[in-house]
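Visitor: pasting the structure only:
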């Protein structure tokens, strides 16, 4: 006499995953000896327990989380720009351009972080502002590394981090390293576009200053570009443009534009939340941010456009 077994749900083979009686495996693996592989990779438990509001105001939580998210985006962008810098030193322009293009998408996500804070009223911000004490965004070490990579060098910005040896050492290394733009200009010189010696061998700890000769180089590169189907220009030979360098220039321009937007969004959110009052940490607040917003990243890429 035969016996027929009726199965009405998933079975679990010895040592295996739940399996539906009518087909292959369909259910996820749920039983782990320790933490989940997702937790081991992402460390979500650490991230989601880092928030320690210092006031009773419910709005402080979004301010704190948004600031922490910004720090994570700073970290990714620094990674991309350092990757681009290494690629440029190795004359790998496509790899550098790819890293810069990735960073533009990350900058867009970073800039979107202002949205939860952009409509704060003075009363809403004041309800937990005291919890910040002397804390201020300009004390962010990772943001400072971003600025150093953009050529905005200042040894005084290491001072707030003297009490954190590892952070201070990383910032000091970044201060003395060539900026991303320094590496771009060295590449241009190796490609036969004459960059002045005083620019190539400038003090890497100093803030970058625009150079008329560098502007000439970018002007020539962009002037040589020919749109598809465009007729020859009198007295000029076709084929002078370097598509690789033009793509690099446009990726840098995208980065510069998004950095400008970041600074202006910061200015706008701060002006709305606190007006012209002094900033936390002793800064001049909006007045200081206005000066930052007026600065142009990779300046000759912008001024050259007027001459093409």
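Guide: That came in fine, so what should we check first? These numbers come from a predicted model, not from an experiment. Residues are numbered from 1 along each chain as shown.
Visitor: what number of residues lie near residue 70?
Guide: By the criterion of other C-beta atoms under 10 Å, residue 70 has 21 neighbours. Bear in mind the C-beta positions are built from the backbone N, C-alpha and C, glycine included.
Visitor: so it sits in a strand?
Guide: No: assessed with DSSP: H, G, I helix; E, B strand; the rest coil, residue 70 is helix; it does not lie in a strand.
Visitor: what's the neighbour count on residue 252?
Guide: Number of residues near residue 252 (other C-beta under 10 Å) recorded here: 21.
Visitor: what's the spacing between it and residue 105?
Guide: As defined by C-beta to C-beta, to the nearest Å, residue 252 lies at a distance of 15 Å from residue 105.
Visitor: Same check on residue 51?
Guide: For residue 51 relative to residue 105 (C-beta to C-beta), the value is 26 Å.
Visitor: For the helix or strand hosting residue 46, which residues meet the burial criterion?
Guide: Per DSSP states H and E, residue 46 falls inside helix 44-47. Neighbour counts using 16 or more other C-beta atoms under 10 Å place no residue of helix 44-47 among the buried ones.
Visitor: Check stretch 300-308 too.
Guide: 300, 301, 302, 304.
Visitor: do the same with stretch 138-147
Guide: Residues 138, 140, 141, 142, 143, 144, 145, 146, 147 are the ones in stretch 138-147 that count as buried (16+ other C-beta under 10 Å).
Visitor: Not counting that stretch itself, show me its contacts.
Guide: Defining contact as C-beta atoms under 8 Å, 6 or more residues apart in numbering, one finds that stretch 138-147 is touched by 70-71, 74-75, 77-78, 81, 137, 157, 160-161, 164, 167, 170-171, 174, 281, 283.
Visitor: Just the buried ones among those, please.
Guide: 70, 74, 77-78, 81, 137, 157, 160-161, 167, 170-171, 174, 283.
Visitor: Please identify which pair of the residues you listed lies farthest apart.
Guide: 81 and 283 (24.8 Å; C-beta to C-beta).
Visitor: Which pLDDT value does the model give the most centrally placed residue in the chain?
Guide: Centroid check for the chain by C-alpha atoms, centre = their mean gives residue 77 as the closest residue, at 3.1 Å. The model reports residue 77 with a pLDDT of 98.
Visitor: and it, what helix or strand is that in?
Guide: Using DSSP H and E, residue 77 sits in helix 59-89.
Visitor: buried sites along the very next helix or strand once past that helix?
Guide: Using DSSP H and E, the helix or strand that directly follows helix 59-89 along the chain is helix 93-112. Residues of helix 93-112 classed as buried by neighbour count (16+ other C-beta under 10 Å): 93, 96-104, 106-107, 110-111.
Visitor: which other helices and strands contact helix 93-112?
Guide: Counting contacts by 3 or more C-beta pairs under 8 Å, 6 or more residues apart in numbering; DSSP states H and E, helix 93-112 packs against helix 59-89, helix 243-274.
Visitor: what separates stretch 201-209 from the chain centre, distance-wise?
Guide: In terms of C-alpha atoms, centre = their mean, to the nearest Å, the centre of stretch 201-209 is found 22 Å from the chain centre.
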